[in-house]
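Engineer: would you be able to build a 3D model of this:
(chains A and B)
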Amino acid sequence: MSRENAHRTPPPASGGAGVRVIRRPQRALSPSRLYGALAFALCVAAGGYLVSTWSAPSARSGGSERQLQQSEPSPAIARPSQQPLPSSIAQPAASRPALLASENTFRPDFELRSLEPDDVAAYMRPGDPEPTAAELIDGLNHAGIYSGLGAFTPPGTSPPLQGLAVPDDFALPEGYVRHHQVTDEGEPIEPILMFSPDHEWVGADGERVALPEDLVVPPELAPPGLPIRPIEIPPPGG
Amino acid sequence: MKIRLSNTAVRWLPAIALLVLSTQAMGNTLNQNVSWTVDRPGTTANYRVVAYGDSIYAGYNGSISNAARYAAPTVESEYLSALWNADIESIRRTKSGAVASEVYQDKIVADRSFMQASSTRVVTFEMCGNDGLQARSSFKSQNGTCNYSGLDAAVNSCKTFVAAGMDYINANAHPNTRLKVIANLYYPGYNADNVQSSCRDASTGATVNLRDRFLPAIAKMNYWMCEYARQKGFQCADSFAQYMGADFDSNSDGVIDSDALRFVAGDSESSYVTRITSTLRSTLRDANTKFVTASSSFDYIQSDDVHPTFTGGTVRAGLWGGSSGSGAPRYTSFSNGKSPIWSSFGHERMGWSLSVYSPPSPN
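Structural biologist: I've put the predicted structure just below:
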């Protein structure tokens, strides 16, 4: 049985009156249902808290975008994000918590977090510890959600390859490849030496040489003249 | 590999609990909206590029509060800044995890005001990747007899909302818009999917190769993205060809692999799918090793084996809101229309593939 949740939304011309119908399968009582019941209880309590604290109107930044959005609300889509925002986050940037202010020093205007009900941001409050993407994906999957972000695989699923450094000025012999990688933060990693998948390696006995499955050249198969030095891969998030 | 909840995760369990809310309402997507202006020194004219999409155009990078500054549409904006000698405002309205219907309704329709500004010159969008990811996730979990209907449904939903998105943009983008362009899908996890299913085919009784099943589905989606583009006045940036084929002629057919894989106007669905899944199948490579020459490859995919690599830092986008900002272009001129890093990162490559359709002037 599919784990996928069926998202069913009105087709563009269906006249759905802005109502999104999300049909979800009924499930037998399970840990996730029990968890959901707990969640509901928490939601009721949190709802009271949020209602008591939300008072300021939405104040999206963006100059002309903001004006356009306010003057021309979409007639077809219900916009939960237009409900009042928590007063704690509807403040000038300068008075925000350090987490927000530190990232906003180079841009005084920004857009407030989404409060759309299908957005995970709507379930977080300023000051809540921020989960990593891996934790969020794991949490969704534990709750039986494999759609949306729950369909992503976490960082580290296919980590950068460890291998021998191959300097820019090293002339590659035929059959080798200089492979370039980058961290998830966009920082380049020193290139490594790999075998070309298009080159057939034959041993002295005329038999085809079996290559490592990942095609990364191990020190014992490095070409002559290459200094044997493994690269250093920065730690994730570094 | 199972990732155990860390102490941090335990601390935000109440938030997860709120998020789950039984199975009736839940948060499983993330708005990641960014505005970045490429501020070219000595210029005053300012034009806008509006991009709608999911985590690809968002510049998702395994963070739920930040994203790549130079995601593909912003890379394209940098090219335009040089071409038009102008400042270019790159508006990215994106929702990570959104399926095609959500990109259409929650971004293209709900955020249409962004493309209605008179400064708009380019409107671009991408979608369907999450329809594919979810169908893949669902299929992988199947036991017993294989049910292929989820893959077919993903293809059909993709077709429906790609066409609807183009129609909506055609009807709503400001008349000053000079370019409308869609980016199609590359195949993330091409190597990882080269395994057998847990379920068994109804007719043969045997397990099936996951990649053999997913590749035709992606090819069909990509065909219709480019074919609808042809029919509806859009250009089609062929990410599949740019990511999945080498930039040299590996099979000696006289054509560079990444060119041979491109959609060709006039293709039928059948001829395109056959070309991708059979005729040129041997030239497909996982984008973790994108070969730009026979002796040089680049990893176009982040460590999650899904999203494109990038360079140029990150900006706030996600859990705590979106951001806007500006900065000087990294490159102010482009030899042969290509930046020095055009083929070194996934987003740079996608941004370049958008840029090839840039009009020579903004007016």
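Engineer: which residue packs closest to residue B:208, ignoring adjacent ones?
Structural biologist: With sequence-adjacent residues excluded and distances taken as CB to CB, 6 or more residues apart in numbering or on different chains, residue B:208 is closest to residue B:197, at 4.9 Å. (C-beta placed from N, C-alpha, C; glycine too.)
Engineer: one more: residue B:121?
Structural biologist: Among residues not flanking residue B:121 along the chain, residue B:47 sits closest, at 4.5 Å (CB to CB, 6+ apart).
Engineer: remind me what the helix or strand where the one you found lies packs against, helices and strands.
Structural biologist: Assigned by DSSP states H and E, residue B:47 belongs to strand B:46-53. If contacts are counted by 3 or more CB pairs under 8 Å, 6 or more residues apart in numbering or on different chains; DSSP states H and E, strand B:46-53 sits against helix B:72-84, strand B:87-96, strand B:120-125.
Engineer: for it, give me every contacting residue.
Structural biologist: B:37, B:57, B:71-73, B:76-77, B:80, B:84, B:86-94, B:103, B:107-108, B:111, B:114-115, B:117, B:119-127, B:165, B:173, B:183, B:362 (CB atoms under 8 Å, 6 or more residues apart in numbering or on different chains).
Engineer: hmm, back to that, distance of the residue nearest to residue B:121 from residue B:263?
Structural biologist: Plainly put, residue B:47 is 28 Å away from residue B:263 if you go by CB to CB, to the nearest Å.
Engineer: hang on, the earlier thing: tally of neighbours for the residue nearest to residue B:208?
Structural biologist: Using other CB atoms under 10 Å in any protein chain shown, residue B:197 has 19 neighbouring residues.
Engineer: quick one: secondary structure of the spatially most central residue of chain B?
Structural biologist: Central residue of chain B (CA atoms, centre = their mean): residue B:56, 4.4 Å from the mean position. Three-state call for residue B:56 (DSSP: H, G, I helix; E, B strand; the rest coil): helix.
Engineer: quick one, what contacts it?
Structural biologist: Listed by CB under 8 Å, 6+ apart, the contact set of residue B:56 reads B:71, B:72, B:126, B:129, B:183, B:307, B:308, B:350.
Engineer: quick check: closest non-adjacent residue to residue B:357.
Structural biologist: Spatial nearest neighbour of residue B:357, excluding adjacent residues (CB to CB, 6+ apart): residue B:235 at 4.1 Å.
Engineer: list the contacts for that neighbour?
Structural biologist: Applying CB under 8 Å, 6+ apart, the residues near residue B:235 are B:179, B:180, B:181, B:182, B:229, B:357.
Engineer: mind listing what's buried in stretch B:42-61?
Structural biologist: For stretch B:42-61, burial by neighbour count (16 or more other CB atoms under 10 Å in any protein chain shown) applies to B:47-61.
Engineer: for residue A:130, give its distance to chain B.
Structural biologist: 6 Å (CB to the nearest CB, to the nearest Å).
Engineer: that's a helix at that residue, yeah?
Structural biologist: No: counting by three-state DSSP, residue A:130 falls outside a helix, being coil.
Engineer: report how many residues lie close to it.
Structural biologist: 17.
Engineer: residue B:206 now?
Structural biologist: Other residues near residue B:206 come to 11 when the count uses other CB under 10 Å.
Engineer: next one: the one 4 residues further on
Structural biologist: Residue crowding around residue B:210 was assessed by other CB under 10 Å; the count is 19.
Engineer: next: residue B:324.
Structural biologist: Counted with other CB under 10 Å, residues neighbouring residue B:324 total 23.
Engineer: contacting residues for the closest residue to it other than its chain neighbours?
Structural biologist: Nearest residue to residue B:324 in three dimensions, chain neighbours excluded: residue B:35, at 3.6 Å (CB to CB, 6+ apart). Residue B:35 makes contact with A:62, A:65, B:89, B:90, B:91, B:92, B:322, B:323, B:324, B:325 under the criterion CB under 8 Å, 6+ apart.
Engineer: can you list phi and psi of residue B:35 for me?
Structural biologist: phi -120, psi 120 (degrees, to the nearest 10).
Engineer: tell me where the chain is predicted with low confidence.
Structural biologist: The chain I'm using is chain A. Applying pLDDT under 70 to chain A flags residues A:1-110, A:238.
Engineer: you answered for a different chain; I wanted chain B.
Structural biologist: The low-confidence ranges in chain B, as defined by pLDDT under 70, are B:1-26.
Engineer: can you map out the strands along it?
Structural biologist: B:30-31, B:34-38, B:46-53, B:66-68, B:87-96, B:120-125, B:179-183, B:196-200, B:207-209, B:235-237, B:290-293, B:296-298, B:314-316, B:322-327 (DSSP state E).
Engineer: which elements pack onto the shortest one?
Structural biologist: Helices and strands in packing contact with strand B:30-31 are listed as strand B:87-96; criterion 3+ CB pairs under 8 Å, 6+ apart.
Engineer: alpha carbons of the strand it packs on, in CSV - could you do that?
Structural biologist: What follows is strand B:87-96, C-alpha atoms only, in CSV (Å, rounded to 0.1, in the frame of the first residue of the first chain):
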residue,chain,number,x,y,z
ASP,B,87,20.3,46.1,-12.5
ILE,B,88,18.3,43.0,-12.4
GLU,B,89,16.0,42.1,-9.6
SER,B,90,15.7,38.4,-9.2
ILE,B,91,12.5,37.5,-7.5
ARG,B,92,12.2,33.8,-6.4
ARG,B,93,8.8,32.7,-5.2
THR,B,94,9.3,29.1,-4.2
LYS,B,95,7.9,26.4,-2.0
SER,B,96,10.2,23.5,-1.2
